[in-house]
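Asker: 3D model of this:
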Amino acid sequence: MATAATTQHAQEEPLSPLATKLSQPPYQLHEAVFKGDAETVKTLLEEDKSVVNVPDCHGNTPLHLAVMLGNEAIIKLLVSYNASARSKNSLGWTPLNESVSYGDRTISLSTLELV
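Answerer: Numbers count the residues shown, from 1 in each chain. Below you'll find the predicted structure:
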């Protein structure tokens, strides 16, 4: 049985460890990509271009995530800031491998043009 104290404590805790990690540097760019927020992606890259190829705990760069989510506008934005299409995640997959696995021909062709 939940008491008022445990209910209040549960409400104060973050929704998940992932949500906490995403909102902190250096994962703010990953969070913006995940949310499909191109404006924030651009702002973060303008502030610090070096974060464009920072991997998350699974080795996925922001470009990996944009490809997985099929967000062509963010893919192009990341590439304009020199995102590497050759970066491998912890499974050894590049963004191109990811695009092919998701079966999105448009994203696959866009990603292939980057290599």
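Asker: so what's S87 closest to, chain neighbours aside?
Answerer: Using Cβ to Cβ, 6 or more residues apart in numbering and skipping the chain neighbours, the partner closest in space to S87 is T61 (4.9 Å). C-beta coordinates here come from the backbone N, C-alpha and C atoms, glycine included.
Asker: so what's the residue count around the one you found?
Answerer: The number of residues packed near T61 is 26, by other Cβ atoms under 10 Å.
Asker: residues near L29, how many?
Answerer: Quick note: L29 (other Cβ under 10 Å) scores 27 neighbours.
Asker: for E47, same thing?
Answerer: Neighbours of E47 (other Cβ under 10 Å): 10.
Asker: distance of it from V41?
Answerer: To V41, E47 is 11 Å away according to Cβ to Cβ, to the nearest Å.
Asker: that older thread, surely the residue nearest to S87 and R86 touch.
Answerer: No - the criterion here is Cβ atoms under 8 Å, and T61 misses it with R86 at 10.2 Å.
Asker: dump the C-alpha coordinates for stretch 30-38 into CSV.
Answerer: C-alpha atoms of stretch 30-38 as CSV (Å, rounded to 0.1, in the frame of the first residue of the first chain):
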residue,chain,number,x,y,z
HIS,A,30,20.7,12.8,-28.7
GLU,A,31,17.6,13.9,-26.8
ALA,A,32,16.8,16.6,-29.4
VAL,A,33,17.3,14.1,-32.2
PHE,A,34,15.0,11.6,-30.4
LYS,A,35,12.3,14.3,-30.0
GLY,A,36,12.7,15.3,-33.6
ASP,A,37,13.5,18.9,-32.5
ALA,A,38,15.5,20.2,-35.5
